[in-house]
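Engineer: I need the structure of the sequence given here:
(chains A and B)
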Protein chains: 2
Amino acid sequence: MLLGCLSLGSAGLPYAAKREAMIRAECNASLGGAIALTPQEAAADRVLRAAKAEAYSSDPFLASRSFFQTQRQINASKLFTLLQPLPKGAALHLHFDSMLDTRWFLPVTYESNCFVCWPSTAALPVSFRFLTNATAGPTCEAGWQRMSTLRATTRNVTALDELVYEALSLPPASKQAYPDVDSAWRKFQALFGVVGGLLNYLPVYRRYVAAVMDRFVDDNVQRLELRGGLLSNITYTLDQVEQTAEFAVQLWLDTAASRKLNIAFIYSALRSQPPEAIALELRRAKELQAAFPSKVIGFDLVGQEDPGRPLVDFAAMLQAAASPRAGPPLPYVFHAGETKYFGAKADVNLYDALLLNTSRIGHGFALRNHPELRRAVRERGIGIEVCPLSNQVLGLVDDLRNHPLASFIAEALPVVISSDDPGFWGATAVNYDWWVAFVVAGEACAGIGLLKQLAINSIEQSLLTKGERAAVMSEWQRRWGQYVDWVVSQAK
Amino acid sequence: MLLGCLSLGSAGLPYAAKREAMIRAECNASLGGAIALTPQEAAADRVLRAAKAEAYSSDPFLASRSFFQTQRQINASKLFTLLQPLPKGAALHLHFDSMLDTRWFLPVTYESNCFVCWPSTAALPVSFRFLTNATAGPTCEAGWQRMSTLRATTRNVTALDELVYEALSLPPASKQAYPDVDSAWRKFQALFGVVGGLLNYLPVYRRYVAAVMDRFVDDNVQRLELRGGLLSNITYTLDQVEQTAEFAVQLWLDTAASRKLNIAFIYSALRSQPPEAIALELRRAKELQAAFPSKVIGFDLVGQEDPGRPLVDFAAMLQAAASPRAGPPLPYVFHAGETKYFGAKADVNLYDALLLNTSRIGHGFALRNHPELRRAVRERGIGIEVCPLSNQVLGLVDDLRNHPLASFIAEALPVVISSDDPGFWGATAVNYDWWVAFVVAGEACAGIGLLKQLAINSIEQSLLTKGERAAVMSEWQRRWGQYVDWVVSQAK
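Structural biologist: From the prediction side, this is the model:
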């Protein structure tokens, strides 16, 4: 289309001018490429591009290697520092129990009444639980041990702590990303249970929620849409009494309010369940929506897509639940296409997500092989929640230059950047994923216009009410102006 | 566009019908997806798809791992056997000195008068040369040694032969594809010289050319377009007399004619040279074109693109040489976009290749991030010469499901499949790359229609004269009919 304007073979323009026009046409067509910059934004753009050029001159290119190997170097980079205070609008793809670097839980295991169930075989996951005594807990074949007793009797506490951290996090011994999706997912899915024993202890949960919020505030995020399993009770006290999901939701809301963060929940059910179980979850989601209007704002199915049930298995029920007769609408925000295997169940989920009128697509990695679905996504403005580091860590891609994000940006698809489960790979909030997005989007086009568009996309793609959206956008604009001034002040 | 016909939210069609229509629309839009199959082709399609399903059920998925690890399993597969006799039309991206599994050269090193120059440091490449005595050869610091003497004095001939094969081929000790493009290219580029000392000995060269031809005949290829450096003399005799490039070209032509193979040459100059040197090569290319009309049919620049000079350095001269005043046109068939780095010199070469009216694009891996250039490529029907295994071996991608070929096929770009330098990674001819193309193109759409279209594309994209093209196409149709019958006969 754009190149159609340029008759490449014609004798009109000189070569250099035609070439420049081709490159400019592609940049203009890319995400944020056509944004007209103010003089101050243009000055900030030069600072950001200089920092990106530094990232490009590093050998090896950091985004080509496993995040487990490169995190420290990313932390030390000028670009990472420059991007951190960027006002990022909304973070829309997050699971609420995997938000915080799990090293945070190490001191938690030192607290009174922390017990561990360390199974005799490495194939079984470790469990933690706060208890008054060893017989008060759930079944544990090896027997519950008090962590303080275990530490007092071990010869090497440092080594024990490393074992505890290994049990609580994803990095494999080799520090490479997992080459195999299934093996990464086996460890990953088990982690929710391992971390949960510590996290869900109410005193810990309160501190966790506050710490999560603080990290998103540090990354200058205004809105979070948190996916979470909300069917059952979430937190427990020392006397093993469990609080309701409503209690937990209210705790998040209160903690967010005190930090001027705007948050909401996407009710998430495990896709491995049969249709009847999902129907029950949907009903529960609508109950919570009634209890927290504008705060429980969507429904999703989670868990690894390929071994899980495909969306089509639930299509009839999901369609019925979305009909006007079924009460106030609860938007669908489905995971779909989190696979590198063309033709897998996860790949086919993309069709169903669109047919079921999903508001956004979680991951959408496989959209790269579906030109017609990309067209539909663009025409209907369906946000693609891209979480590049998650895709690397869970084995979809090693070198992030091979992540389809670069091509989605080049095609100006409605991309938003998020971080999925950053705590499980030692990250926090969303700045690492923004860093990846900025460096893999190339040198020619991707400047401050891309960053601005990604932030605006995130607010436009959020499920805020109309009134909230205007307020968030207006506050974002204020922060953006401040940020641009600050970046300019960082020029050498 | 196609999905525009389907109002996804409408209450018209039932869910299953809408879903089926979406999937069918995408298949129809993919390469070969709209080809109407004869009943016999449909029967063959079922046999091929069953064999592909077997490939998909293997764990790990073979195309997800390094070819160095999986070649034997690919050889043993039903699908590989079924694809081998498929009439593949033309193979359009090949370098003439890296066509044959280099294990072929191991017995050559046993022949009389074979000498080796084995440098004292592993950083330097080994050299071979056929000589009458140790002082007759080019400079060799360590001194030329007769291979027969070396073998007679070594304790372990098997180990020596393994060292010789390692010197002659690319597989690294780990059997993984190279994770780093530059390290793969260092070994790769050096190989041409190592192999050359054996290959270019005239008696060996004659046998090599015949063996290459036989392998392409085995893979049922009708036309080869061979890239090669044709500036200097190519072959030498025992008395160290070098024959001209014209002599070598004639040798290839005669050998091909006796096997009813149609071949031609794309004159290839090294892109690391300065513009004056390239200008000289262009003049030489036109001389050869005059000497072999319709047999020296194109011009290209070769060698690793990123460290090499970008096309734009030569743009003025290449434009001038293509003007009507500069004599009969010699089509450009440029390598461009053989990189995973968005914004690299190789990436930018894509613009110049199009501006310089390239007839096809060698590799074009980076087109994935250039939607406007893909549109231009499709509109102008510019063939993309995709060589998936080469891209894996040279470090662009590990898991071939992440190769952009799948998306190029989904977008129905004018793809042709070739093999680049198969001999250097233990492959031969083109069947391995066809196998990759078929399995990574997914399960839903890619059947016999894709294979048929790829073969037709290759003939349409070749630089055959009009008369030759009609003859090759007619012969291809005859072979296709035979092949379809044979596949049907292989049904269980």
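
Engineer: any idea how far residue B:314 is from residue A:106?
Structural biologist: From residue A:106 over to residue B:314 the distance is 59 Å, taken as C-beta to C-beta, to the nearest Å. Where C-beta positions appear, they are placed from N, C-alpha and C, glycine not excepted.

Engineer: out of the two, which sits in the busier spot?
Structural biologist: residue B:314 (22 against 15; other C-beta atoms under 10 Å in any protein chain shown).

Engineer: didn't that one look like it was pressed against residue B:276?
Structural biologist: No. Residue B:314 is beyond contact range of residue B:276, at 10.3 Å (criterion: C-beta atoms under 8 Å).

Engineer: wait, is residue A:92 part of a helix?
Structural biologist: No. Residue A:92 is assigned strand when assessed by DSSP: H, G, I helix; E, B strand; the rest coil, not a helix.

Engineer: ok, and the closest non-adjacent residue to it?
Structural biologist: Among residues not flanking residue A:92 along the chain, residue A:225 sits closest, at 4.8 Å (C-beta to C-beta, 6 or more residues apart in numbering or on different chains).

Engineer: There's contact between the one you found and residue A:297 in this structure, I believe.
Structural biologist: Yes. With contact defined as C-beta under 8 Å, residue A:225 reaches residue A:297; the gap is 7.0 Å.

Engineer: For residue A:350, which residues are in contact?
Structural biologist: A:336, A:337, A:361, A:364, A:366, A:367, A:370, A:373 (C-beta atoms under 8 Å, 6 or more residues apart in numbering or on different chains).

Engineer: 6 Å - rerun?
Structural biologist: Going by C-beta atoms under 6 Å, 6 or more residues apart in numbering or on different chains, residue A:350 touches A:336, A:337, A:373.

Engineer: Can you tell me the closest non-neighbouring residue to the second one?
Structural biologist: Okay, so that is residue A:337. Counting by C-beta to C-beta, 6+ apart, residue A:337 lies nearest to residue A:366, which is 3.4 Å off, once chain neighbours are set aside.

Engineer: wait, what's in contact with residue A:403?
Structural biologist: If you count contacts by C-beta under 6 Å, 6+ apart, residue A:403 has them with A:388, A:397.

Engineer: same thing but at 7 Å, please
Structural biologist: Residue A:403 makes contacts with A:388, A:391, A:397, A:440, as judged by C-beta atoms under 7 Å, 6 or more residues apart in numbering or on different chains.

Engineer: So in chain A, which helix runs the longest?
Structural biologist: Criterion DSSP state H: the longest helix present in chain A is helix A:466-489.

Engineer: in that helix, what's buried?
Structural biologist: By neighbour count on 16 or more other C-beta atoms under 10 Å in any protein chain shown, the buried set for helix A:466-489 is A:468, A:469, A:472, A:473, A:475, A:476, A:479, A:480, A:483, A:484, A:487, A:488.

Engineer: Out of those, which are close to chain B?
Structural biologist: The subset of the buried residues of helix A:466-489 within reach of chain B, by C-beta under 7 Å from any C-beta of the partner chain, is empty.

Engineer: I'd assumed residue A:17 was in a helix, is it?
Structural biologist: Yes. Under three-state DSSP, residue A:17 falls within a helix.

Engineer: For it, the count of nearby residues, please.
Structural biologist: By the criterion of other C-beta under 10 Å, residue A:17 has 11 neighbours.

Engineer: Could you tell me which residues of the stretch 301-450 of chain A lie near chain B?
Structural biologist: For the stretch 301-450 of chain A, the contact set with chain B under C-beta under 7 Å from any C-beta comprises A:315, A:319, A:340-343, A:351, A:354-355, A:357, A:368-372, A:375-376, A:397-399, A:401-402, A:406-407, A:410-411, A:440, A:442-444.

Engineer: how about the residue nearest to residue A:337, what does it touch?
Structural biologist: Counting by C-beta under 7 Å, 6+ apart, residue A:366 makes contact with A:337, A:339, A:346, A:347, A:350.

Engineer: With respect to chain B, which of the residues you listed is nearest?
Structural biologist: Using C-beta to the nearest C-beta, residue A:347 is the member of the contacts of residue A:366 that lies nearest chain B, at 7.6 Å.

Engineer: Look up the pLDDT of whichever residue of the stretch 151-300 of chain A sits closest to chain B for me, please.
Structural biologist: Here the stretch 151-300 of chain A gets closest to chain B at one residue, residue A:180, 7.1 Å apart by C-beta to the nearest C-beta. Per-residue pLDDT puts residue A:180 at 84.

Engineer: Could you do residue A:443 as well?
Structural biologist: The model reports residue A:443 with a pLDDT of 87.

Engineer: who's in contact with the closest residue to it other than its chain neighbours?
Structural biologist: Counting by C-beta to C-beta, 6+ apart, the nearest residue to residue A:443 once its immediate chain neighbours are dropped is residue B:343, at 3.4 Å. By C-beta under 7 Å, 6+ apart, residue B:343 lies in contact with A:442, A:443, A:444.

Engineer: Understood, closing this out.
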